[in-house]
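Colleague: Have a look; sequence and predicted model below, questions after that.
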Amino acid sequence: MAWSKEVGSDVPFFINGGAAFVKGRGDLVEMKDISAEHHLVLVKPPFGVSAGWAYSNQIQAAVPLKGYGDGQYTAIPGSGQGGSDNYGISFIGYIDPPTVILDSAGVVDGFSVTNNNYAYYSMLEGDAIAKKFGGISGDDEDWFLLTITGKDVGGAVTGTVDFYLADFRFADNQSDYIVDDWEFVDLASLGVVKSLEFALSSSDVGGYGMNTPAYFAADTFVPEPGTILLLGAGCLTLFRRRKL
């Protein structure tokens with residue numbers, strides 16, 4: 001049971017199944033006997049709750065935002081890296097960082113990354129929560145940063161790599177950009193790693209943290225590991241001998 005808490009929120013409940021009261025982030029499970037007849041009310045909001053990683057096959061053109069979360073499972077280029085049909089979408093939540101775990105420690109040369117549809121148009125146009133990057137004048141020095149942290153087999157940090165998914169800090173506004181295609185991020189400087197952890201930060205923050213939608217898309221880790229384990233709150237996905 002202890003290891004299941006590290007995999008993600010709510011996982012401990014699914015180890016035993018049955019009926020239980022679940023508290024905390026889903027890791028405090030109190031089993032209950034509900035043999036007697038009960039009435040159940042199930043309430044489902046009209047939107048999903050993202051956490052960790054999702055395996056996406058959404059191949060479509062970019063679509064401007066019309067409502068909360070539009071295009072959250074779509075990479076802004078409209079396909080995977082190199083025109084592939086599948087790729088990963090990550091959401092950075094408030095608990096465990098999305099993580100890639102290799103089957104055996106080694107050097108990861110790099111991977112491909114881009115924005116997802118939701119984050120891209122939020123930065124480009126602004127939305128009900130997040131600002132338009134650059135502001136009205138275009139002079140606001142906004143940025144959206146992905147940080148990748150390497151860890152060895154003992155969990156010690158081997159290094160970090162930063163990649164800007166958007167950067168509006170240039171003196172010439174014509175140089176400002178929001179990444180809209182797949183870009184290769186070099187990770188060789190992290191050395192021999194067992195896992196990679198991902199974090200996002202932004203210039204646009206409010207009272208509840210970052211306003212910019214905390215998403216990115218990932219594909220094609222190089223060299224291709226025998227097995228990649230994508231780990232995040234509420235998500236456990238295994239990829240064997242294929243690109244992400």
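Modeller: Everything's here; your move. Numbering: from 1, shown residues only.
Colleague: Can you give me the buried ones in the longest helix along the chain?
Modeller: When the chain is parsed with DSSP state H, its longest helix is helix 117-125. Using 16 or more other CB atoms under 10 Å as the test for burial, helix 117-125 gives 117-124. The C-beta positions use only the backbone N, C-alpha and C, and glycine is treated the same way.
Colleague: residues contacting the spatially most central residue of the chain?
Modeller: Compute the mean C-alpha point of the chain, and by CA atoms, centre = their mean the closest residue is Ser90, 2.0 Å away. Counting by CB atoms under 8 Å, 6 or more residues apart in numbering, Ser90 touches 52-54, 98, 198, 215-218, 232.
Colleague: quick check: mean pLDDT across stretch 156-169?
Modeller: Average pLDDT, stretch 156-169: 98.
Colleague: ok now it, how far from the chain's centre?
Modeller: Taking CA atoms, centre = their mean, to the nearest Å, one finds the center of stretch 156-169 at 15 Å from the center of the full chain.
Colleague: Can you pull the poorly scored residue ranges out of this protein?
Modeller: Within the chain, the stretches with pLDDT under 70 are 1-10, 16-17, 23-27, 35-36, 38, 40, 42-51, 61-70, 94-95, 224-244.
Colleague: quick one on the thing from earlier: ok, of the contacts of Ser90, which one's closest to Ser79?
Modeller: Nearest to Ser79 among the contacts of Ser90: Ala217, at 10.3 Å, using CB to CB.
Colleague: doesn't Phe91 make contact with that closest one?
Modeller: No - at 10.8 Å, Ala217 and Phe91 do not qualify as touching, with contact defined as CB atoms under 8 Å.
Colleague: For those two, indicate the residue with more neighbours.
Modeller: Taking neighbours as other CB atoms under 10 Å, Ala217 and Phe91 compare with Ala217 leading, 30 against 25.
Colleague: What sits closest to that one if chain neighbours are left out?
Modeller: The shortest distance from Ala217 to any non-neighbouring residue, by CB to CB, 6 or more residues apart in numbering, is to Ala75 (3.9 Å).
Colleague: All the helices of this structure, residue numbers only.
Modeller: 2-7, 11-16, 117-125.
Colleague: hang on, the earlier thing: which one is the residue nearest to the centre of the chain nearest to, not counting chain neighbours?
Modeller: Nearest to Ser90 is Pro98, by CB to CB, 6+ apart, at 4.4 Å.
Colleague: related to what we said a few turns ago, I'd like to know which of the buried residues of helix 117-125 is nearest to Gln58.
Modeller: Asn117 (8.5 Å).
Colleague: What about the closest residue to that closest one other than its chain neighbours, how many residues nearby?
Modeller: Distances taken as CB to CB, 6+ apart put Gly71 closest to Asn117, at 2.6 Å, once the chain neighbours are dropped. Neighbour count of Gly71, defined by other CB under 10 Å: 23.
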